[in-house]
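Peer 1: what's the 3D shape of this:
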Amino acid sequence: MELQFLDFDLSEDADGSVVFDALASVPAARLAPLHAEVAAVLGWAHQSFPGGRAPLEDGGEWDFQLDGAIETRTPQTLHYDDCSGEITSEAGTPGPGRFSVSLSISGTAGFGEALREAFGIA
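Peer 2: As a prediction, the model looks like this:
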């Protein structure tokens, strides 16, 4: 499967364990496909390494943390008063929100190699 939203950064520990971190931010219209992509990655992990999800320090093969946030943007109009040398601001109308998802997957070296291969992660 080719990933469209998740662009993973990879880090490796001296003991061979790996951590894949991704952050994606999309408008509301793209949220369902983003969620589907995250679900596909996590579904693959559950199917390919059944029963292996647990913290690595507890003997697990892999684990993950998934978080989300809604970001809103409110533009400001800034004015500079050349007499006083001060800037004043006026809030505009809030724009549509963006939805952010962060996914962090940790795993053993074998899990990391399988994840790279399954999703074409360099």
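Peer 1: what are the buried residues along the longest helix along the chain?
Peer 2: Ordering each helix of the chain by length in residues (DSSP state H) puts helix 31-48 first. Neighbour-count burial for helix 31-48, with 16 or more other C-beta atoms under 10 Å as criterion, is recorded at 31, 34, 37, 38, 41, 42, 45. Bear in mind the C-beta positions are built from the backbone N, C-alpha and C, glycine included.
Peer 1: please apply the same query to stretch 54-69.
Peer 2: Those buried within stretch 54-69 under the rule 16+ other C-beta under 10 Å are 56, 60, 61, 62, 63, 64.
Peer 1: test my guess that the last one contacts residue 102.
Peer 2: Translated: residue 64. No: proximity of residue 64 to residue 102 does not meet the contact threshold set by C-beta atoms under 8 Å, at 10.6 Å.
Peer 1: helix, strand or coil for the residue of the chain most remote from its centre?
Peer 2: Most distant residue from the mean C-alpha position of the chain: residue 83, 46.8 Å away (C-alpha atoms, centre = their mean). Three-state call for residue 83 (DSSP: H, G, I helix; E, B strand; the rest coil): coil.
Peer 1: next one: it, what pLDDT does it get?
Peer 2: Note for residue 83: predicted pLDDT of 96.
Peer 1: can you give me the pLDDT of residue 112?
Peer 2: 96.
Peer 1: and it, how close does it get to residue 41?
Peer 2: Counting by C-beta to C-beta, to the nearest Å, the gap between residue 112 and residue 41 amounts to 13 Å.
Peer 1: chain center to stretch 65-76, what's the gap?
Peer 2: For stretch 65-76, the separation from the chain centroid amounts to 12 Å (computed by C-alpha atoms, centre = their mean, to the nearest Å).
Peer 1: could I get it in CSV with only the CA atoms?
Peer 2: Presented in CSV, the C-alpha positions along stretch 65-76 are these (Å, rounded to 0.1, in the frame of the first residue of the first chain):
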residue,chain,number,x,y,z
GLN,A,65,0.3,6.0,20.3
LEU,A,66,-2.4,7.8,18.3
ASP,A,67,-3.4,11.4,18.9
GLY,A,68,-5.6,14.0,17.1
ALA,A,69,-6.4,17.7,17.3
ILE,A,70,-8.6,20.2,15.5
GLU,A,71,-6.7,23.4,14.6
THR,A,72,-8.6,26.6,13.9
ARG,A,73,-7.2,29.7,12.2
THR,A,74,-8.3,33.2,13.0
PRO,A,75,-6.6,35.8,10.8
GLN,A,76,-5.7,39.2,12.3
